[in-house]
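Asker: Sequence first, predicted coordinates after that:
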Amino acid sequence: MITARKTRLGALIICIGFLYGCAGSQTKNADDGLADSVGKDNLDLLFATEFPVASKAEAITKSNLAYRDRDLDKALFYSVKALKFDVTDVELLLRIAHLHVLQGNSRMAARTFNLALAQDPSHPESLQGLGLLYFEAEQPAKARHNLELAVAGDQSLWRSYNVLGVLADDRREHKLAADYYNKALEIRPDSVSVLINRGYSTYLAGDLETAARYLYEVASQSDHPKAWRNLGMVYAGLGWYDEALDIFRKVEDEAKAYNSTGEIALANKDLSLAYDFFSEAVRQSPVYFAEAERNLTRVRNARAK
């Protein structure tokens with residue numbers, strides 16, 4: 001049985017990896033007013049010296065070349081130019097939305113996904129895109145609604161299954177979460193994000209030994225910091241404190257590693273060990289590690305009860 005403190009999933013799961021990459025941090029207004037414009041106001045001025053495009057195909061070609069060169073502003077500019085030849089092109093709207101996501105412009109991405117859905121209300125990738133934006137904006141009900149619609153229309157959308165798993169874990173529906181992660185892994189068996197989330201979900205469900213096996217596999221193969229950190233949590237939850245400390249040292253400095261181990265020992269009510277870990281954290285960083293000092297006070301208070 002898990003006795004270690006379980007913080008909110010968002011603090012411990014790996015970044016979901018939205019579409020081309022990770023969504024920007026400006027997601028709190030994902031559903032604010034859906035304007036008709038999908039391009040930056042200054043792009044026409046910015047690229048005024050470029051040759052005009054004569055056709056949709058030419059604009060798309062130039063957008064592809066700009067994207068290949070990692071010039072996202074120019075890629076967006078030519079995609080919007082292409083859209084002017086056919087404002088009902090859902091796939092082009094989806095491309096524009098993706099570019100906005102890559103630039104961290106979640107508000108414009110949300111508007112553009114909604115423009116695509118106005119043309120095709122059941123368009124799976126647009127539903128996924130909007131759902132992932134809602135997830136990043138911490139609006140779980142809207143995220144779940146859109147992602148469930150997305151996978152109903154296209155069962156290959158592994159990112160949707162991955163996030164639906166995280167949302168299920170947040171609701172403590174761990175069996176449902178496992179089903180979602182398994183579906184995601186059937187599509188993308190090497191996805192580090194899904195593998196880490198599955199391991200952490202198994203930890204939340206109370207099966208620490210299986211969680212340790214899952215997380216060790218993905219950590220040793222990917223060397224991802226969150227995989228190691230979650231593995232350290234599981235080891236400490238099992239009472240394997242020395243092993244947990246060694247794991248935390250892979251991704252944290254000495255003081256933080258001792259403090260992380262001590263926090264779980266405290267949650268496990270191993271007060272003497274927790275005190276020792278926090279004391280060493282303070283010794284390692286007596287000036288800067290105020291958190292460990294606060295944790296020592298927590299141990300003293302627990303001992304006094």
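Answerer: Yep, that arrived. Numbering: from 1, shown residues only.

Asker: Could you use CA atoms for every contact and neighbour count after this?
Answerer: Will do.

Asker: mind listing the strands for this structure?
Answerer: With strands called from DSSP state E, the chain shows none.

Asker: so where's it uncertain?
Answerer: By pLDDT under 70, the low-scoring segments of the chain are 1-51, 288.

Asker: Ala205: neighbouring residues, count only.
Answerer: Neighbour count for Ala205, taken as other C-alpha atoms under 10 Å: 19.

Asker: Nearest residue to it in space, please, no chain neighbours.
Answerer: Distances taken as C-alpha to C-alpha, 6 or more residues apart in numbering put His174 closest to Ala205, at 5.9 Å, once the chain neighbours are dropped.

Asker: what's the one you found in contact with, if anything?
Answerer: Ala168, Ser201, Thr202, Leu204, Ala205 (C-alpha atoms under 8 Å, 6 or more residues apart in numbering).

Asker: One more pass at 7 Å, please.
Answerer: Counting by C-alpha atoms under 7 Å, 6 or more residues apart in numbering, His174 touches Ala168, Ser201, Ala205.

Asker: Show me where the stretch 1-150 of the chain has its helices.
Answerer: Assigned by DSSP state H, counting those that start in this stretch, the helices in the stretch 1-150 of the chain fall at 43-46, 56-68, 72-85, 90-102, 106-119, 124-136, 140-153.

Asker: Oops, could you answer that again for the stretch 151-300 of the chain instead?
Answerer: Assigned by DSSP H, counting those that start in this stretch, the stretch 151-300 of the chain shows helices spanning 158-170, 174-187, 192-204, 208-222, 225-237, 241-251, 254-267, 271-284, 290-304.

Asker: Now render these as CSV, adding distance to Glu91.
Answerer: As requested, the helices of the stretch 151-300 of the chain are exported to CSV (distance: least, C-alpha to C-alpha, whole Å):
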stretch, distance to Glu91
helix 158-170, 18
helix 174-187, 22
helix 192-204, 26
helix 208-222, 33
helix 225-237, 34
helix 241-251, 41
helix 254-267, 46
helix 271-284, 54
helix 290-304, 50
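
Asker: Asp120 and Glu91: what is the separation?
Answerer: Distance, Asp120 to Glu91, using C-alpha to C-alpha, to the nearest Å: 10 Å.

Asker: Excluding chain neighbours, what is closest to Gln284?
Answerer: By the measure of C-alpha to C-alpha, 6+ apart, the closest residue to Gln284 outside its immediate chain neighbours is Ala255, 5.2 Å from it.

Asker: follow-up on the earlier one: closest one to Leu245 among the helices of the stretch 1-150 of the chain?
Answerer: helix 124-136 (31.3 Å; C-alpha to C-alpha).

Asker: Count residues in the vicinity of Thr261, would you?
Answerer: 30.

Asker: Repeat that for Ala304.
Answerer: Ala304 is flanked by 7 other residues according to other C-alpha under 10 Å.

Asker: Over to Glu293?
Answerer: So Glu293, with other C-alpha under 10 Å, has 16 neighbours.

Asker: what about the residue nearest to it when sequence neighbours are not counted, how many neighbours?
Answerer: Nearest non-adjacent residue to Glu293, counting by C-alpha to C-alpha, 6+ apart: Val282, 6.6 Å away. Residues within reach of Val282, counting by other C-alpha under 10 Å, total 22.
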